[in-house]
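**Student:** no sequence for this one, just the structure:
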């Protein structure tokens, strides 16, 4: 199996746990320059891969859904013109709740996206604000509905564990909300304090309280059992 990965480094905000190389989406000039260089890279790589048929196409980031419909269409057009994909190729795009309007959801469907990974992370507005996420709980539900209405039903939801200030009851609430949406796939991640992130700096200064190790184990166990029992 061979996959093609496209990295889109733009984000609306920098999450407090993120150590990825990103650019905040506040500069049209930066975005235009990136897309121009992405086109050059595609044209440079394509001749050496002309005999390869890709099984998957994956847009990660950053936040690929931060691109507008015109730019998304242009990138997809370049890729399909210069690379070969199997008829059954899965096309995945990572999206941030709040970025997926009904129009953009329909655009993604028309471009051939058949799987979206939606970064929910938590179903508590207070926790999302603490993480510096650019969305709230309402946007998770709205974006999910917009994708389903557009005909994209293969949706993954990300959920983070061991978050600052979160209790076991908070996690159980998030799990119930997640199950209510009934996604095809769920990714569970435990918070890792990466170097040079806001959370790591706060933790080193004694200003960030995290669940202790016993509670972290309980959270992981509860989450795994809940999902397993839910099918």
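**Tutor:** It's in. Bear in mind the structure is a predicted one, so any value in this text is a computation, not a measurement.

**Student:** Find the residue ranges of the chain scoring beneath the pLDDT cut-off.
**Tutor:** Low-confidence segments of the chain (pLDDT under 70): 25-28.

**Student:** Which strand runs longest in it?
**Tutor:** Secondary structure of the chain per DSSP state E: the longest strand is strand 84-95.

**Student:** Against which helices or strands is it packed?
**Tutor:** Contacting strand 84-95 under the criterion 3 or more Cβ pairs under 8 Å, 6 or more residues apart in numbering; DSSP states H and E are the following elements: strand 53-61, strand 115-121. Glycine gets a C-beta too; all of them are placed from N, C-alpha and C.

**Student:** got JSON lines for the ones you listed, with mean neighbour count too?
**Tutor:** Listed next are these as JSON lines, based on neighbours: other Cβ atoms under 10 Å:
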{"stretch": "strand 53-61", "mean neighbour count": "19"}
{"stretch": "strand 115-121", "mean neighbour count": "24"}
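
**Student:** right, and those - which one's nearest residue 225?
**Tutor:** Proximity to residue 225, assessed across the helices and strands packed on strand 84-95 by Cβ to Cβ, is greatest for strand 115-121 (19.6 Å).

**Student:** got the buried residues for the host helix or strand of residue 228?
**Tutor:** In this structure, residue 228 sits in helix 213-229 according to DSSP states H and E. Under the neighbour-count criterion of 16 or more other Cβ atoms under 10 Å, helix 213-229 has 219, 223, 226 buried.

**Student:** Next: stretch 151-167.
**Tutor:** Neighbour-count burial for stretch 151-167 flags 152, 154-164, 166 (criterion: 16+ other Cβ under 10 Å).
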